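Visitor: coords below, sequence missing:
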C-alpha cells in the first residue's frame with residue numbers, strides 16, 4: 001500500500017528482486033564514445049617526466065638499517081665494551097638522571113602538597129609503564145620526520 005510517494009517494504013522488495021539487466025540504448029553508448037574520442041583527439045596525452053626516486057633519502061636509511069644489526073652482532077660476539085667504557089656510559093646516564101631529578105624537585109617544591117603527591121604518583125606510574133621508551137620513540141619519530149622534511 002502506498003502512502004503518498006513512499007513505497008512499502010513489499011513493493012521495494014519486488015522492485016529490487018527484479019533481475020533484468022538495464023542497458024543504455026545503442027545510440028546513447030555510441031554518442032558517448034564519439035564524444036570521448038573527440039575530446040581525446042583535441043587533447044593529445046602529454047608525457048610528463050616521472051618523479052625521480054629520492055635515493056639521497058633512501059640510501060642512508062637503508063645503510064643504517066643494515067649496519068645497526070651488524071654492529072650489534074659484532075659487539076655481542078666480541079664483548080668489545082670494556083668495563084671502564086660501560087662505567088663511563090652509566091655515569092653519563094646517572095648524571096643526566098640526576099640533573100633531571102633536580103629540575104623536577106625544583107618544580108615540585110613550588111607546587112601545593114596535593115599536587116606534589118599527584119606528580120610523584122604520576123612519575124612513578126609513568127616509569128612503571130615504560131614512559132622512557134615511549135618518549136624515546138616519540139623523539140626518534142619526530143627526528144626522522146624532521147630529517148625527511150628537510151630533504
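Guide: Nice, I can see it. Note that the structure is predicted; figures quoted are calculated from it, not measured.

Visitor: helix or strand with the lowest mean pLDDT in this structure?
Guide: Across the helices and strands of the chain, mean confidence by mean pLDDT, DSSP states H and E is lowest for helix 83-109: a mean of 75.

Visitor: centre of the chain to it, how far?
Guide: Shown here is helix 83-109, whose average C-alpha point lies 32 Å from the average C-alpha point of the whole chain (CA atoms, centre = their mean, to the nearest Å).

Visitor: which helices and strands sit right next to that helix?
Guide: Secondary-structure packing of helix 83-109 (3 or more CB pairs under 8 Å, 6 or more residues apart in numbering; DSSP states H and E): helix 113-128. (Glycine included, C-beta is placed from N, CA and C.)

Visitor: and the helix it packs on, what's buried?
Guide: Residues of helix 113-128 include none that count as buried (16 or more other CB atoms under 10 Å).

Visitor: now for that helix, which elements pack on it?
Guide: Checked by 3+ CB pairs under 8 Å, 6+ apart, helix 113-128 has helix 83-109 packed alongside it.

Visitor: if we go to 10 Å?
Guide: helix 83-109, helix 131-150 (3 or more CB pairs under 10 Å, 6 or more residues apart in numbering; DSSP states H and E).

Visitor: figure out which of those helices is closest to residue 50.
Guide: Proximity of the helices and strands packed on helix 113-128 to residue 50 was assessed by CB to CB; the nearest stretch is helix 131-150, lying at 20.5 Å.

Visitor: so residue 54 makes contact with residue 150?
Guide: No - counting by CB atoms under 10 Å, residue 150 is not a contact partner of residue 54; they are 11.9 Å apart.

Visitor: of those two, which one has the most company?
Guide: Neighbours per residue (other CB atoms under 10 Å) separate residue 54 from residue 150, with residue 54 holding more: 10 against 7.

Visitor: for the more buried one, phi and psi?
Guide: Phi and psi for residue 54, reported as degrees, to the nearest 10, are phi -80, psi 70.

Visitor: and the pLDDT at it?
Guide: For residue 54, the pLDDT comes out at 87.

Visitor: I appreciate the help and will end here.
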